[in-house]
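Novice: Starting from these lines, generate the structure:
(2 chains)
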Amino acid sequence: MSIVIIKDRKNYFKILNYQREVIFTTSIKLEDISMVYGVNGKSHTALSNVNLDIKNGEFISLIGPSGCGKSTIIDLISGIKVPTKGRIFIGDEPVIKPGPECGIVFQDYSLFPWMTAYENIFFAVEHANKSLSKEEVKKTAHTYLDLVGLCKFKDAYPGTLSGGMKQRVSIARMFAMHPKVFLMDEPFGALDSLNRIFMQDLLLHMWSEGESRNTVLFVTHDVDEALLLSDRIGIMSSTPGKIEEIIDIPFSRPRCRKSLSGTEDYIKLKQYLFSVLYCEMQEIIESQQAQKEAL
Amino acid sequence: MKFKLNKTGILTFVILIAVFILTVAVPDAPSQSVDDNSAFLAVLILILAAFIIEIYRKPKETERITDIFLILSVVIFLWEVLIGKLILLDPFLFPGPARVFAVFQDDYELIINGLFSSLTFLVGGYLLALALAIPAGLYIGWRKRLFNVAYPISKAISPIPPTAYLPYSIVLLPTFSAASTFLIFIGAFWPILVGTIFGVFGIDKRLINTARTLGLSERVMMKDILLPAALPSIFSGAMIALIISFITLTVAEMIAATSGLGWYIIYNHQFANYDMVVAGIIVVGAVVMVITYFFDRIQAYCLRWQNI
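Specialist: So this is what the prediction gives:
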């Protein structure tokens, strides 16, 4: 599989001369968000008093231990879930229900298995941008499928595609929909490391191509991934989930993995992120042990 | 052209040809004999031809095909030898193959008419059930509140055998055709409904969430997301429904009809024409086989995105 991907990669850099069309992008604002779930009569606080301002065109990553409510934030912004307290704005519009202003890529299960790769993109573009004519939708779907180097697989069902290819289709769909904001929930979490690197480069290129950039909220638990991609990184802690700290990533763009990963700043930031996450993991383990002893 | 036969294949051939020779050369026992046994010979030739064609068409599946045909030919061989020639069982109750297949020759008009009348009810009732149960199931599965009400109700009503409604449907509905179409509809409706409801209920929430972020209208959501996602479960419900509707139809015809395959079997039973009863059973079996074959083909096409 890796051989195919390397071939595609050459192709891909050729294609990238393509200029993306007008981008509609906007900011995201979370005001004092709390989220409480009722589980078997007990209430579980997934998020407590989360405030987050994502500027227009900014790439923000959320990083933290599992169960800290990272994915819940994505669900709340997209309108899939409704917060117990607080308000969310995409641009100036409050989020009331799910809609095509958010383009989402999940770790898995983003694509409809009964539609081919092309049909998946076509369907999403058709329903997200109702003003487009059928011809325009077709053209858009082809363009983006081409952009991720999957023209040959246009009639393949997701069940026959590899994990990396599926995510490429998901990403192509997200870009093709022209949403106002991108929400990505551990999109590369299930991929092997080689595919992961390729996908990160692909995303970075597609995102930074063109005149303006889309606003992205990217959830991950991979420190290197967050450092490579983001303008800012939000570190989250769990029980209850909240954003502990937001750090700026000062690296200039366009970024290059090779030259970046050796620099002193990079190593310092990475060490810092690891130490924070490690402390949190310790706390979680200790609190779990305390709970066990209490029982 | 290569025509290769393994040992089972040769054995099958030998048995089929042996039956053929037995039928032509050795006279049947008097109680099993018929004036004209050409119908049985035609069936034997048909089986042989089907065997050869199948092996030519699917050379990779030779083993499976020869195994099936071997069993078929052994059954016919035993039937012919033990019952047709040696009369090991009461010849009145257990007719030999020559007598049974002669029925097709003599009675084909009645059988074909019966087949058509049965199929008309079956197709009518079944399609009506599909047309109503699938949309209803999609909607019920989608609306949590509706599901909470509809689920216990359907759980209570669905196990009632559709033939239990026979007295009322005959009394209330004007014709037998309306009554039996209604019974088949009732019999097929519940399994399809339950299959559809569970299909929708079992859809991965993440898929639904992805669909919701596309801002779909409810109609599009039903048609393009819920329906295809629930399709595997709908098909398993529809298969059960098909079998139930066939059983219902045969029983209804046995009780109340004046035509159809069920009627044909029970009518000849009353006159003790057991060769015709067996012929009727064979026709029912063949019809079910053909219908399920096409059902499987449709299912494989509609679910081609699964397990590829």
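Novice: At the geometric centre of chain B, which residue do we find?
Specialist: B:V288 (1.8 Å; Cα atoms, centre = their mean).
Novice: For chain A, see how far away that one is.
Specialist: Separation of B:V288 from chain A (Cβ to the nearest Cβ, to the nearest Å): 29 Å. C-beta here means a position set from N, CA and C on the backbone, and glycine is covered the same way.
Novice: What of B:K85?
Specialist: In this view, B:K85 and chain A are 55 Å apart by Cβ to the nearest Cβ.
Novice: Going by residue numbers, what spans are strands in the stretch 101-250 of chain A?
Specialist: Here the stretch 101-250 of chain A has its strands, by DSSP state E, counting those that start in this stretch, at A:102-105, A:181-185, A:215-220, A:232-237, A:242-248.
Novice: now swap in the stretch 1-150 of chain B and tell me
Specialist: With strands called from DSSP E, counting those that start in this stretch, the stretch 1-150 of chain B shows none.
Novice: picking up where we left off before, what's the strand or helix carrying the residue nearest to the centre of chain B packed up against?
Specialist: Per DSSP states H and E, B:V288 falls inside helix B:274-302. Helices and strands touching helix B:274-302, by 3 or more Cβ pairs under 8 Å, 6 or more residues apart in numbering or on different chains; DSSP states H and E, are helix B:97-142, helix B:227-256, helix B:261-270.
Novice: tell me what the first one is packed against?
Specialist: Contact here means 3+ Cβ pairs under 8 Å, 6+ apart; on that basis helix B:97-142 packs against helix B:38-57, helix B:144-157, helix B:176-201, helix B:227-256, helix B:261-270, helix B:274-302.
Novice: now the angle from that helix to helix B:227-256?
Specialist: 130 degrees (axes from the mean of the first three to the mean of the last three Cα atoms, to 10 degrees).
Novice: Return the residues of the stretch 101-250 of chain B in contact with chain A.
Specialist: Residues of the stretch 101-250 of chain B lying close to chain A (Cβ under 8 Å from any Cβ of the partner chain) are B:204, B:206-207, B:209-216, B:220, B:224-225, B:228-229, B:231.
Novice: Buried ones from those, can you make that a PyMOL selection?
Specialist: This is how PyMOL selects the buried members of those, with burial counted by 16 or more other Cβ atoms under 10 Å in any protein chain shown:
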select buried, chain B and resi 206+207+209+210+211+212+213+214+215+216+220+224+225+228+229+231
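Novice: In strands, which of the residues of the stretch 101-250 of chain B next to chain A appear?
Specialist: Among these, no member is found in strands (DSSP state E).
Novice: any idea which residue sits dead centre in chain A?
Specialist: The residue lying closest to the centre of chain A (Cα atoms, centre = their mean) is A:M184, at 1.7 Å.
Novice: That one against A:Q107, yeah?
Specialist: No - because the distance of 9.2 Å does not satisfy Cβ atoms under 8 Å, A:M184 is recorded as not touching A:Q107.
Novice: Could you count how many residues lie near the residue of the stretch 151-295 of chain A found nearest chain B?
Specialist: The stretch 151-295 of chain A approaches chain B most closely through A:Y157 (4.3 Å), counting by Cβ to the nearest Cβ. The number of residues packed near A:Y157 is 20, by other Cβ atoms under 10 Å in any protein chain shown.
Novice: Touching, it and A:T116? I think so.
Specialist: Yes - assessed by Cβ under 8 Å, A:Y157 is found in contact with A:T116 at 5.7 Å.
Novice: Can you list the buried residues in the helix ranked longest in chain A?
Specialist: Identified as the longest helix of chain A according to DSSP state H is helix A:264-294. For helix A:264-294, the neighbour count (16+ other Cβ under 10 Å) marks A:266, A:269, A:273, A:276-277, A:280, A:284 as buried.
Novice: Next, format the residues you listed as CSV and append pLDDT and distance to chain B.
Specialist: Output for these, formatted as CSV (pLDDT from 0 to 100; distance: Cβ to the nearest Cβ, whole Å):
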residue, pLDDT, distance to chain B
A:Y266, 87, 34
A:L269, 89, 32
A:L273, 88, 28
A:V276, 86, 30
A:L277, 84, 26
A:E280, 81, 26
A:I284, 79, 25
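Novice: from the residues you listed, which is closest to B:R99?
Specialist: A:I284 (81.1 Å; Cβ to Cβ).
Novice: got the contact list for the closest one?
Specialist: A:I284 makes contacts with A:65, A:238-239, as judged by Cβ atoms under 8 Å, 6 or more residues apart in numbering or on different chains.
Novice: With respect to pLDDT, which of these ranks lowest?
Specialist: Of all the contacts of A:I284, A:T239 carries the smallest pLDDT score, 74.
Novice: Enumerate every residue touching it.
Specialist: With Cβ under 8 Å, 6+ apart, A:T239 has these contacts: A:45, A:67, A:284, A:287.
Novice: Relative to chain B, how far out is A:G64?
Specialist: Separation of A:G64 from chain B (Cβ to the nearest Cβ): 21 Å.
Novice: distance of that residue from A:E244?
Specialist: Here A:G64 is placed at a distance of 8 Å from A:E244 (Cβ to Cβ, to the nearest Å).
Novice: swap in B:A241?
Specialist: Separation of B:A241 from A:E244 (Cβ to Cβ): 57 Å.
Novice: what's the answer for B:A256, then?
Specialist: Counting by Cβ to Cβ, the gap from B:A256 to A:E244 is 77 Å.
Novice: The two: which is more packed in?
Specialist: More crowded of B:A256 and A:E244, by other Cβ under 10 Å: B:A256, with 18 against 14.
Novice: Verify the stated contact: the more buried one with B:A179.
Specialist: Yes - counting by Cβ under 8 Å, B:A256 does reach B:A179; the two are 7.2 Å apart.
Novice: Now for the two: what residues contact both?
Specialist: Shared contacts of B:A256 and B:A179, counting by Cβ under 8 Å, 6+ apart, come down to B:166, B:170.
Novice: First-to-last residue distance for stretch A:106-117?
Specialist: End-to-end span of stretch A:106-117 (Cα to Cα, to the nearest Å): 16 Å.
Novice: now it: mean pLDDT?
Specialist: Stretch A:106-117 carries an average pLDDT of 88.
Novice: Quick one: distance of that stretch to the chain centre.
Specialist: Relative to its parent chain, stretch A:106-117 has a centroid offset of 16 Å by Cα atoms, centre = their mean, to the nearest Å.
Novice: cool, stretch B:37-57 as well?
Specialist: Stretch B:37-57 sits 22 Å away from the centroid of its parent chain (Cα atoms, centre = their mean).
Novice: What are the buried residues along that stretch?
Specialist: By neighbour count with 16+ other Cβ under 10 Å, stretch B:37-57 contains the buried residues B:37, B:39-41, B:43-44, B:47-48, B:51, B:54-55.
Novice: Now render those residues as JSON lines, adding distance to A:R87 and pLDDT.
Specialist: Converted to JSON lines, those look like this (distance: Cβ to Cβ, whole Å; pLDDT from 0 to 100):
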{"residue": "B:N37", "distance to A:R87": "87", "pLDDT": "82"}
{"residue": "B:A39", "distance to A:R87": "82", "pLDDT": "87"}
{"residue": "B:F40", "distance to A:R87": "83", "pLDDT": "89"}
{"residue": "B:L41", "distance to A:R87": "85", "pLDDT": "90"}
{"residue": "B:V43", "distance to A:R87": "78", "pLDDT": "90"}
{"residue": "B:L44", "distance to A:R87": "81", "pLDDT": "91"}
{"residue": "B:I47", "distance to A:R87": "75", "pLDDT": "92"}
{"residue": "B:L48", "distance to A:R87": "78", "pLDDT": "91"}
{"residue": "B:F51", "distance to A:R87": "74", "pLDDT": "90"}
{"residue": "B:E54", "distance to A:R87": "68", "pLDDT": "88"}
{"residue": "B:I55", "distance to A:R87": "72", "pLDDT": "86"}
